[in-house]
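K.L.:
Fold the following and give me the result.
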Amino acid sequence: MDSPNSSPDQEKQGKQQPNELPIHNDKDHKLESSDHVPPLPSPSQHEEATRHTLATEPFQPTLKVLADLERNDPKFAFPAARLVGLYRRLWESCVSKHIDVQKIDQSNGILKEGRKAGD
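P.N.:
Have a look, this model is predicted:
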């Protein structure tokens, strides 16, 4: 122990850096050609627009109410806006996941059709 007033837990907390992730060098881990996974294609502009619309459109009435609330009761508006923001972030995540699942289902359907045609 470096200081007489510090506990072992405090010393561990001072030495640990939980936000740091280990850095892996690609040179150390060579992949076989069969292990290589191609990167996912970048989403198109249409997909991004659809994703944005689905994520924000349901919240338009709520945002109007929050704007009115901010004018009428600013003390209550801040916590309400914070809750709406957290819920909106959760909703955006669900919308994004839903769109990704639809794309995977569509790709699987194409693969199944190709497999049936090949048999």
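K.L.:
Could you list the low-confidence segments of this structure?
P.N.:
For the chain, applying pLDDT under 70 flags the ranges 1-43.
K.L.:
Do a quick rundown of the helices in it.
P.N.:
8-15, 45-56, 60-72, 74-118 (DSSP state H).
K.L.:
Make JSON lines out of the ones you listed and add mean neighbour count.
P.N.:
Heads up, the C-betas are built off the backbone N, CA and C, glycines and all. Shown next, in JSON lines, are the helices of the chain (neighbours: other C-beta atoms under 10 Å):
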{"stretch": "helix 8-15", "mean neighbour count": "10"}
{"stretch": "helix 45-56", "mean neighbour count": "13"}
{"stretch": "helix 60-72", "mean neighbour count": "12"}
{"stretch": "helix 74-118", "mean neighbour count": "11"}
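K.L.:
any idea how far Thr53 is from Lys75?
P.N.:
33 Å (C-beta to C-beta, to the nearest Å).
K.L.:
same question but for Lys112, I mixed them up
P.N.:
Using C-beta to C-beta, we find Lys112 at a distance of 30 Å from Thr53.
K.L.:
just Gln60 next, same as before
P.N.:
11 Å.
K.L.:
who touches stretch 72-90?
P.N.:
By C-beta atoms under 8 Å, 6 or more residues apart in numbering, the residues outside stretch 72-90 that reach it are Ala55, Thr56, Phe59, Thr62, Leu63, Leu66, Leu69, Glu70.
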